[in-house]
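1. Okay, predicted coordinates and the sequence, questions at the end:
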Amino acid sequence: MAKSKADAQMKIRTASVKDIPGIRALVGKAYPEMGSYSVGALKGQIANFPEGQFVVEYDGDIVGYAASFIIMEARAFAPHSWDEITGGGHGSQHNPNGDWLYGMEVCVDPDRRRLRIGERLYDARKALAESAELKGIVFGARIAGWQKRRKAFPDGLDYVEAVRARKIVDPSVNFQLRQNFVPKTVLENYLPADKASGGRAILMVWENVYAPEERVSVHSPASQKDVVRVATVQLQMRKVVSFEDFMNSVEYFVDSVSAYKSDFVVFPELFTLPLLALDDQRLSPSDSIEKLTEYTPVFIKAMRKLAVSYNINIIGGSHPTRADDGDIQNIAYVFLRDGSVHAQEKIHPTPNERHYWNIKGGDEISTIDTDCGPIGVLICYDSEFPELARRMADEGARILFVPFCTDNRQGYLRVRYCSQARAIENQCYVVMSGNVGNLPGVENMDINYAESCILTPCDFPFARDGIAAECSENVETVAVADLDLTDLAWARASGTVRNLRDRRFDLYQTKWNDRSD
């Protein structure tokens, strides 16, 4: 008699970006008084340390979530708040050279309490700590019953000891004690939103008895490349006689850099403007941009085909597009070699774009997941607003692409200097791509100036001047560089300066008004 086989009802696995809606719903359900994570925070947790984020799936639903990261002992045991230690919930304080696993979240569906979901998540964390040869696990534990009993137990440790002695009941603390966690100290002002705990937490510790005296750092995931080859195209504006003629010039560069086995190629902002020369009559600036939006469907189709055919990820500069609400936006389309297409709106149109072209600013910015890890796109003027780059760095982006279009050296240097600052302050790579030459007959696009480049942080593993590669000014050409992502990991963990880690979350934070959050 044949044996029947049924799919497992419950499984625990590492979290992926596809789990984010389910995780957000779970956290909101479990902690309605404190709210859920933003999409960006969850993307950051998963991108910064994918091995440390676990979900429990039961009958297809996400019913448990645990988030963690690696941290140095001195940092973990020093006084801290939840915002400080977790990088505002993004897990950006992750340090692969650390020696303790820090638990920033454990969340269980309140309707599934009796399925030992929390125990499974704690076991997964312990297994991770052991396999990574860490000293153990540390985290700030809620004491949800303390606020009601603070007169009887003014010290949080006395409260925990009363729970241990079974004088009072606190299910969460009871559970942690059963998991062999030991209370060490009280963390004042740990999470002000946790009113039931009076904003406090107890630093709980579990020691890994198998930990060696020294450990090897955790490396990047095997599914992601450590060295990424990028190419930037400094494109000559030229008259074209047809859309096919324009695409032939684009394909020439895609073909060339794909022969170098490049993972990415980036084209300049508004590099589709030569298509306006196809019109017989001279158009006003606003009419010309309106006309250019008509090419959007055929442009996307052609660029997507190039990305797949040449096995390369293409940052398609930017192209004016009419949005669903009727506004015209300046949009960077990203064509991945798996055939997927992503769009990043320009958030801040320049005064010139608003006045002459009636271009409206977008309202969403986020990382784009690729086979080389998350990336970000900042279209020209957006590079001059540091909040945007910082958000994408927190979400795990290690490479930012800046397609730009400037008509003189002053404008170019504004973008260049700001892009270099973004590379330093976020300890990431920034790839710039601009137009050169003239485009007669197209209003408001007469001349161009560019010196496209590939920028790095300024520290020992990187190029001396923070420039991995650079194009000659105002010449059509290509620059290519290999970017070692492990150098970024070193800089963030052990560099001369550690901008991401040294932020003062006790003094300042950036709050985003996301529609999805």
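-> Yep, that arrived.
2. For my notes, confirm residue 126 occurs in a strand.
-> No: counting by DSSP: H, G, I helix; E, B strand; the rest coil, one finds residue 126 to be helix, located in no strand.
3. show me what contacts it?
-> Residues near residue 126 by Cβ atoms under 8 Å, 6 or more residues apart in numbering: 137, 206, 208. Glycine gets a C-beta too; all of them are placed from N, C-alpha and C.
4. Inside strands: which ones of those?
-> Counting by DSSP state E, the contacts of residue 126 place 137, 206 in strands.
5. ok, the residue nearest the centre of the chain - contacts?
-> By Cα atoms, centre = their mean, the chain has its centre lying nearest to residue 395, at 2.3 Å. Neighbouring residues of residue 395 by Cβ under 8 Å, 6+ apart: 40, 43-44, 47, 90, 366-367, 374, 376.
6. ok, 7 Å please
-> 40, 43-44, 47, 90, 366-367, 374 (Cβ atoms under 7 Å, 6 or more residues apart in numbering).
7. Among those residues, find me the one that's closest to residue 262.
-> Of all the contacts of residue 395, residue 374 has the smallest distance to residue 262: 18.4 Å, by Cβ to Cβ.
8. And the strand or helix carrying the closest one, what does it pack against?
-> Take DSSP states H and E as the rule and residue 374 turns out to sit in strand 373-377. Here strand 373-377 touches strand 399-404, going by 3 or more Cβ pairs under 7 Å, 6 or more residues apart in numbering; DSSP states H and E.
9. could you dump the helix or strand that comes right after the strand it packs on to PDB, C-alpha only?
-> Next along the chain after strand 399-404, taking DSSP H and E as the criterion, comes helix 409-426. What follows is helix 409-426, C-alpha atoms only, in PDB (Å, rounded to 0.1, in the frame of the first residue of the first chain):
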ATOM      1  CA  ARG A 409      30.900  72.700 -14.700                       C
ATOM      2  CA  GLN A 410      29.200  74.300 -11.600                       C
ATOM      3  CA  GLY A 411      26.200  72.100 -12.000                       C
ATOM      4  CA  TYR A 412      28.300  69.000 -12.500                       C
ATOM      5  CA  LEU A 413      30.400  69.700  -9.400                       C
ATOM      6  CA  ARG A 414      27.400  70.100  -7.200                       C
ATOM      7  CA  VAL A 415      26.300  66.600  -8.200                       C
ATOM      8  CA  ARG A 416      29.900  65.300  -8.000                       C
ATOM      9  CA  TYR A 417      30.800  66.700  -4.600                       C
ATOM     10  CA  CYS A 418      27.400  65.500  -3.100                       C
ATOM     11  CA  SER A 419      27.900  62.000  -4.600                       C
ATOM     12  CA  GLN A 420      31.300  61.800  -3.000                       C
ATOM     13  CA  ALA A 421      29.800  62.900   0.300                       C
ATOM     14  CA  ARG A 422      27.100  60.200   0.000                       C
ATOM     15  CA  ALA A 423      29.900  57.600  -0.600                       C
ATOM     16  CA  ILE A 424      31.800  58.700   2.500                       C
ATOM     17  CA  GLU A 425      28.900  59.100   4.900                       C
ATOM     18  CA  ASN A 426      27.100  55.900   3.900                       C
END
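10. what comes up buried for helix 409-426?
-> Using 16 or more other Cβ atoms under 10 Å as the test for burial, helix 409-426 gives 411-412, 414-416, 418-426.
11. mind checking which helix or strand of the chain has the lowest mean pLDDT?
-> Within the chain, no helix or strand scores below helix 285-292, which has a mean of 82 by mean pLDDT, DSSP states H and E.
12. What are the buried residues along that one?
-> Quick answer for helix 285-292 (16+ other Cβ under 10 Å): 285-286, 288-290, 292.
13. what's the angle between whichever helix or strand comes after that helix and helix 285-292?
-> Per DSSP H and E, helix 285-292 leads on to helix 296-309 as the next helix or strand towards the C-terminus. On the basis of axes from the mean of the first three to the mean of the last three Cα atoms, to 10 degrees, helix 296-309 is oriented at 50 degrees to helix 285-292.
14. could we number from 8 for the rest of this?
-> Yes, from this point I'll number from 8; that puts the last item at helix 303-316.
15. Could you name the helices and strands sitting against helix 303-316?
-> Secondary-structure packing of helix 303-316 (3+ Cβ pairs under 7 Å, 6+ apart): helix 250-266, strand 320-322, strand 326-329, strand 335-342.
16. which residues are contacting the shortest one?
-> Residues outside strand 320-322 that contact it (Cβ under 7 Å, 6+ apart) are 261, 270-274, 310, 313-314, 339, 341-344, 377, 384, 408, 410.
17. Neighbouring strands - and their directions - for that strand?
-> Paired with strand 320-322 in the same sheet, following DSSP bridges, are strand 271-273 (parallel), strand 335-342 (antiparallel).
18. hey, which of those is tucked in deepest?
-> strand 271-273 (a mean of 27; mean count of other Cβ atoms under 10 Å).
19. now it, how far from the chain's geometric center?
-> 18 Å (Cα atoms, centre = their mean, to the nearest Å).
20. Identify the residues contacting it?
-> For strand 271-273, the surrounding residues in contact (Cβ under 7 Å, 6+ apart) are 237-240, 260-261, 264, 319-322, 408, 410, 438, 440.
21. Now do the same for residue 130: helix, strand or coil?
-> Relying on three-state DSSP, one would call residue 130 helix.
22. and if you look at residue 498?
-> Using three-state DSSP, the structure places residue 498 in helix.
23. how near is it to residue 434?
-> 5 Å (Cβ to Cβ, to the nearest Å).
24. More neighbours: the two, which one.
-> residue 434 (26 against 23; other Cβ atoms under 10 Å).
25. Go ahead and confirm that one touches residue 494.
-> No: contact between residue 434 and residue 494 fails when scored by Cβ atoms under 7 Å: they sit 9.6 Å apart.
26. what do residue 498 and residue 434 both touch?
-> Common neighbours of residue 498 and residue 434 are listed as residue 464 (criterion: Cβ under 7 Å, 6+ apart).
27. coming back round to it: could the contacts of residue 402 be laid out in TSV, adding neighbour count and secondary structure?
-> Output for the contacts of residue 402, formatted as TSV (neighbours: other Cβ atoms under 10 Å; DSSP: H, G, I helix; E, B strand; the rest coil):
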residue	neighbour count	secondary structure
47	24	helix
50	25	helix
51	29	helix
54	27	helix
97	26	coil
373	19	coil
374	26	coil
381	23	strand
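28. so can I have CSV of those residues showing pLDDT and distance to residue 202?
-> Below are those laid out as CSV (pLDDT from 0 to 100; distance: Cβ to Cβ, whole Å):
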residue, pLDDT, distance to residue 202
47, 93, 25
50, 96, 28
51, 95, 26
54, 94, 31
97, 94, 24
373, 93, 31
374, 96, 33
381, 96, 34
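29. Need the buried residues of helix 416-433 in a markdown table (columns: distance to residue 85 and pLDDT).
-> Listed next are the buried residues of helix 416-433 as a markdown table, based on distance: Cβ to Cβ, whole Å; pLDDT from 0 to 100:
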| residue | distance to residue 85 | pLDDT |
| --- | --- | --- |
| 418 | 45 | 96 |
| 419 | 44 | 97 |
| 421 | 40 | 98 |
| 422 | 39 | 98 |
| 423 | 39 | 98 |
| 425 | 34 | 98 |
| 426 | 35 | 98 |
| 427 | 33 | 98 |
| 428 | 29 | 98 |
| 429 | 29 | 98 |
| 430 | 29 | 98 |
| 431 | 26 | 98 |
| 432 | 24 | 97 |
| 433 | 24 | 97 |
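30. what number of residues lie near residue 179?
-> Using other Cβ under 10 Å, residue 179 is surrounded by 17 other residues.
31. same question, residue 504
-> Neighbours of residue 504 using other Cβ under 10 Å come to 14.
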